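Student: sequence and computational prediction follow.
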Amino acid sequence: MHIHVRNPDESPGSDPELFGRVQEGVRKHCPGMIVQFSTGGRGREQSARGAMLPLRPDMASLATGSVNFPASVYENPPDFVEGLARTMLEYDIKPEIEVFDLAMLYNAANLVKKGLLKDPPHVQFVLGIPNALPARRSVFDFLRSELEAVLPRATWVAAGVARHQWEVNQWCLEAGGHCRTGLEDNLRIGPDRLAASNAELVAKIAQACDRYDRRPATPAEARRILGLRAVH
Ligand code: ZN
């Protein structure tokens, strides 16, 4: 479960407090579920983006470079990336490396060489954001072959944004990767929207597994695959 928090009604509560409350609820109601905090921008200052890591989620996202988004720059300078990676090492949090553009993959491999990321890392390719990588099968295949070359032990997933989500899910099932789905990537109401809830999107992938001779992992299996702590 990849988590963002926000305070829509301006009620009190800092990001770390809100993340803490969500994590507590997930652990209570869905024991064993893997909790991943987003360290993404969304208007937050860089100094605030890792402020909740002392809560020790299982995982946290880590973009290993900068990229243009539809109307902004997603800024992740080298010292900031290395600082977040160090903090995640310190708290035994497994990063999900977010590859929004090609150079981020090779930078992730360099961070492994420098000892700032543990091997094997977990890598997510993000496809279909305007101004960043397109959701093209040729790009997907190239990214996978480059990952195999520079980080052969990595586990991987690809995210397709908006109308590309379901197509990329199927590429992952076919190619042996993991899947990401959710309304974060296709929130808009309209033709881009695939489902009414996150649960519906997850069920859709789970039901498709058979066609690709795959099956969903249990939480315990997923923890082993990703090399995470067994229990909280
Ligand atoms: Zn996110």
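Tutor: Yep, that arrived.

Student: low-confidence stretches in this structure?
Tutor: By pLDDT under 70, the low-scoring segments of the chain are 10-13, 42-43, 187-194, 232.

Student: quick check: Val5 touching Gly20?
Tutor: No. Using C-beta atoms under 8 Å, Val5 makes no contact with Gly20, being 9.3 Å away. C-beta here means a position set from N, CA and C on the backbone, and glycine is covered the same way.

Student: strands along this protein, start to end?
Tutor: For the chain, the strands defined by DSSP state E cover 2-3, 36-37, 59-63, 67-68, 73-74, 94-99, 122-127, 155-160, 178-179.

Student: tell me what the fourth one is packed against?
Tutor: If contacts are counted by 3 or more C-beta pairs under 8 Å, 6 or more residues apart in numbering; DSSP states H and E, strand 67-68 sits against strand 73-74.

Student: ok, which of the strands of the chain comes nearest Tyr212?
Tutor: With C-beta to C-beta as the criterion, Tyr212 lies closest to strand 178-179 of the strands of the chain, at 10.4 Å.

Student: if we can go back for a sec, okay, the strands of the chain in CSV with distance to Gln170 and mean neighbour count next?
Tutor: Output for these, formatted as CSV (distance: least, C-beta to C-beta, whole Å; neighbours: other C-beta atoms under 10 Å):
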stretch, distance to Gln170, mean neighbour count
strand 2-3, 20, 19
strand 36-37, 23, 24
strand 59-63, 23, 24
strand 67-68, 25, 18
strand 73-74, 27, 15
strand 94-99, 19, 25
strand 122-127, 13, 24
strand 155-160, 9, 23
strand 178-179, 9, 21
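
Student: got CSV for these, with distance to Arg229 too?
Tutor: Formatted as CSV, those follow (distance: least, C-beta to C-beta, whole Å):
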stretch, distance to Arg229
strand 2-3, 17
strand 36-37, 13
strand 59-63, 10
strand 67-68, 31
strand 73-74, 29
strand 94-99, 9
strand 122-127, 14
strand 155-160, 16
strand 178-179, 19
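
Student: and Phe140, how many neighbours?
Tutor: Phe140 is flanked by 22 other residues according to other C-beta atoms under 10 Å.

Student: try Pro120
Tutor: Using other C-beta under 10 Å, Pro120 is surrounded by 16 other residues.

Student: ok, Arg6 next?
Tutor: 10.

Student: can you show me the helices along the chain?
Tutor: Ranges of helices within the chain are 15-29, 78-90, 102-113, 137-150, 165-175, 198-208, 219-226, based on DSSP state H.

Student: so which bits of the fifth one are buried?
Tutor: Right, the one you point to is helix 165-175. For helix 165-175, burial by neighbour count (16 or more other C-beta atoms under 10 Å) applies to Gln165, Trp166, Val168, Asn169, Gln170, Trp171, Cys172, Leu173.

Student: same for that helix, what does it pack against?
Tutor: helix 137-150, strand 155-160, strand 178-179, helix 198-208.

Student: the third one pairs with which strands, and in what direction?
Tutor: So the one you mean is strand 178-179. strand 155-160 (parallel) (DSSP bridges).

Student: chain center to the partner strand: distance?
Tutor: From the chain centre to the centre of strand 155-160 is a distance of 8 Å (C-alpha atoms, centre = their mean, to the nearest Å).

Student: tilt between that strand and helix 137-150?
Tutor: For strand 155-160 against helix 137-150, the angle by axes from the mean of the first three to the mean of the last three C-alpha atoms, to 10 degrees is 160 degrees.
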